[in-house]
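# below are the sequence and a predicted model; questions follow.
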Amino acid sequence: MTQFYVPHLPPGTKSFVISSDEYHHIVKSFRAKESDIIRVFNGKGWVFEIKIVKIYKDKLEAEVVSENFVEKPSFEIVLCQSLIKIDKFELILEKVTEIGIGKIVPIITSRINVSVEKFFKKYERFRNILIESTKQSHRVYIPEIEPVKKIKEVFEKNNANILNIVCWKNAEKKISDFSQQIEKSNEIKIFIGPEGDFSEDEISFLSQQKDTVFVTLGKTILRSETAAIVSSALVFEYKQ
């Protein structure tokens, strides 16, 4: 069942109105009709099955058939992704949301090839991509995207029971070599570099950080966006 996003729908609601963009998605794109049962979520853990009562030109009336609260996972996987070209970054947002990433932290590295200012201007579009991918993948919580940070800022606040995984072309171990640590960790941060990978200074800094391991993703050199998607999927294999 396709799901739709209604952010201001609280639990306990009996009837309500949907208008604007989501109305168009439901009626124009999905072609829902009166009496149809559809699934909506509010991004705060609540999932509802609703019945369309009446469709108007620019809105619809609906009533709640059932509601269910879904707890957040007991762990969080964070993708710390170096800034890359906007279209490639958007692909990452779409795919890692489908995989289950809880948070994305764009990071500034020495070899980035995109303007930080230009990147900031795309945040509204980034959030829309996260919403649409959450809807498509039937997730209940929308991933968070943090403001752009420097690598050092990512380590200013570390929770207990954390594992930092740095994907690096010269690493010798694989993600599977750290399966036990991944299974036991409450928070896992995956670090992906830009085209050209992390600099020597960045690798030196990362190697000095507590609970940090370096992994290879195979014998071939992956594009940054490919590495982000592959590493996220591999890590999730040990958190199912």
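Arrived safely, thanks for sending.
# other SSEs contacting the helix or strand harbouring residue 235?
Residue 235 is part of helix 224-236, with elements assigned from DSSP states H and E. In this structure, helix 224-236 packs against strand 76-82, helix 86-99, strand 162-167, strand 187-192, with contacts taken as 3 or more CB pairs under 8 Å, 6 or more residues apart in numbering; DSSP states H and E. Glycine gets a C-beta too; all of them are placed from N, C-alpha and C.
# closest to residue 203 out of the ones you listed?
Residue 203 sits nearest to strand 162-167 of all these, at 7.7 Å, using CB to CB.
# all the strands of this structure, residue numbers only.
Using DSSP state E, the strands of the chain run over 3-5, 15-19, 37-41, 46-55, 59-69, 76-82, 103-108, 144-145, 149-150, 162-167, 187-192, 212-215.
# okay, buried residues for the second one please.
Right, strand 15-19. Neighbour counts over strand 15-19 (16 or more other CB atoms under 10 Å) mark 16, 18 as buried.
# endpoints of stretch 63-83, how far apart?
Distance between the two ends of stretch 63-83: 43 Å, counting by CA to CA, to the nearest Å.
# mind checking which of the strands of the chain is nearest residue 25?
Using CB to CB, those put strand 3-5 closest to residue 25, at 6.2 Å.
# picking that back up, between the strands of the chain, which one is closest to residue 137.
Nearest of the strands of the chain (CB to CB): strand 3-5, 9.3 Å.
# who does the closest one touch, helix- and strand-wise?
Taking 3+ CB pairs under 8 Å, 6+ apart as the contact cut, strand 3-5 packs with strand 37-41, helix 123-137.
# which one of the ones you listed lies nearest to residue 221?
Nearest of the helices and strands packed on strand 3-5 to residue 221, taken as CB to CB: helix 123-137 at 26.4 Å.
# which other helices and strands contact the closest one?
strand 3-5, helix 86-99, strand 144-145.
# tabulate those (TSV), appending mean neighbour count, mean pLDDT and distance to residue 115.
Converted to TSV, the helices and strands packed on helix 123-137 look like this (neighbours: other CB atoms under 10 Å; pLDDT from 0 to 100; distance: least, CB to CB, whole Å):
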stretch	mean neighbour count	mean pLDDT	distance to residue 115
strand 3-5	18	94	30
helix 86-99	19	97	10
strand 144-145	16	97	18
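# any chance of TSV for those, columns distance to residue 186?
Below are the helices and strands packed on helix 123-137 laid out as TSV (distance: least, CB to CB, whole Å):
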stretch	distance to residue 186
strand 3-5	28
helix 86-99	18
strand 144-145	16
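# picking up where we left off before, got the contact list for the helix holding residue 235?
With contact meaning CB atoms under 8 Å, 6 or more residues apart in numbering, helix 224-236 is reached by 77, 79, 81-82, 84, 88-89, 91-92, 95-96, 99-101, 165, 167, 175-176, 182, 188, 190, 192-195, 215, 217, 222.
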